[in-house]
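>>> curious how this folds, go ahead:
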Amino acid sequence: MMLKNIVRWGLAGLLLSSATVAGINVPTLAQSYESDGLTLFGGSDSEYRLTYRLLNNEPRNKRTRWQLEVRGEQLQTATSALVVTLPESFTRYRGRIDLDEITVRYGRIDSEGENIAVDEVRWDDVVFSGANDLSDELDKIEIFLAEDIPADTSITIEFNKIKNPTRALMLRTNLQVFPRGEELATYVGTWEMLVAYEDRD
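Model (predicted):
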C-alpha cells in the first residue's frame, strides 16, 4: 500500500512534458505499424526512445492493440511498478483503454516470453507535475507487479483492448519505473506514437 501511495504522489520533478499534435500531414499508417523510436518532429534523445507496435490503428477502432517494448539495457534496476503517462487528449478525443486487458511479459515484441504477474492496474487523471501543482494535461496508468522484474531484462507491456480516438494524434507516452526499495520513480524513456491514422490505400 505504501508503494502505491508513493507512486500516486511521488513523481515530483520526474514527469517529462507531453505534447500532442493532431492532424499532422504524414504518410498514412496501415493496420499494423512499428517504430524503433524514429522521431519525426523532435522529442526525446535517441537513448530514451522506446520501440512499439500498433495493431488495428484506425480512428475509432475498438480492437486496437499497443505493444510497448523496453529493452534490457533500458531497464537498469529491478522494478516493482511501472508508470505510463500519456496526454489527456487521448481520452478527450474518446480514446479508451481497458485496464483489465493490460499485460506485461518478458521478452521483446517479437518473442514469446512468459507473462509477469500483475497485482493491480490503476488509472489516475490527476498527476503531480513537480511544479507545486497538479497537471490536467496528463493521464497516468499505474501497473503494480506481483513480482519484481530483474534488472537488464527486456519486457513488453501490452495494451490488448483499446478504443482508438476519433482523430489522428501523436502521443508522447512516457515510461517511469519504481526500482526495488526506492521512493522516487525513474524515467526510462518515451514511446512517440502516431495513433488513429486512416488507411487510405
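>>> what number of residues lie near residue 47?
Counted by other CB atoms under 10 Å, the residues lying close to residue 47 total 9. The way it works is simple: take the backbone N, C-alpha and C, and place the C-beta from them, glycine included.
>>> shouldn't it be within a helix?
Yes. The assignment for residue 47 is a helix, going by DSSP: H, G, I helix; E, B strand; the rest coil.
>>> now do the contacts for it.
Applying CB atoms under 8 Å, 6 or more residues apart in numbering to residue 47 gives the contacts 74, 189.
>>> could you check how far it is from residue 178?
21 Å (CB to CB, to the nearest Å).
>>> okay, now the unreliable bits of the chain?
1-44, 125-136, 198-201 (pLDDT under 70).
>>> mind doing that once more with 90?
Where the chain drops to pLDDT under 90, the residues are 1-47, 112, 124-138, 180-184, 197-201.
>>> pick out the residue nearest the middle of it.
With distances taken as CA atoms, centre = their mean, the chain has residue 84 as the residue nearest its mean C-alpha position (4.3 Å).
>>> who's it bridged to?
For residue 84, the beta-bridge assignment (DSSP bridges) gives partners residue 141, residue 175.
>>> ok, it - contacts?
68, 140, 141, 143, 157, 173, 174, 175 are the contacts of residue 84 under CB under 8 Å, 6+ apart.
>>> next, format the residues you listed as a markdown table and append neighbour count.
As requested, the contacts of residue 84 are exported to a markdown table (neighbours: other CB atoms under 10 Å):
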| residue | neighbour count |
| --- | --- |
| 68 | 23 |
| 140 | 22 |
| 141 | 19 |
| 143 | 21 |
| 157 | 23 |
| 173 | 22 |
| 174 | 26 |
| 175 | 22 |
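>>> closest to residue 167 out of these?
Comparing these against residue 167 with CB to CB picks out residue 173 as the nearest, at 17.0 Å.
>>> measure that closest one to residue 160 for me?
Residue 173 sits at a distance of 16 Å from residue 160 (criterion: CB to CB).
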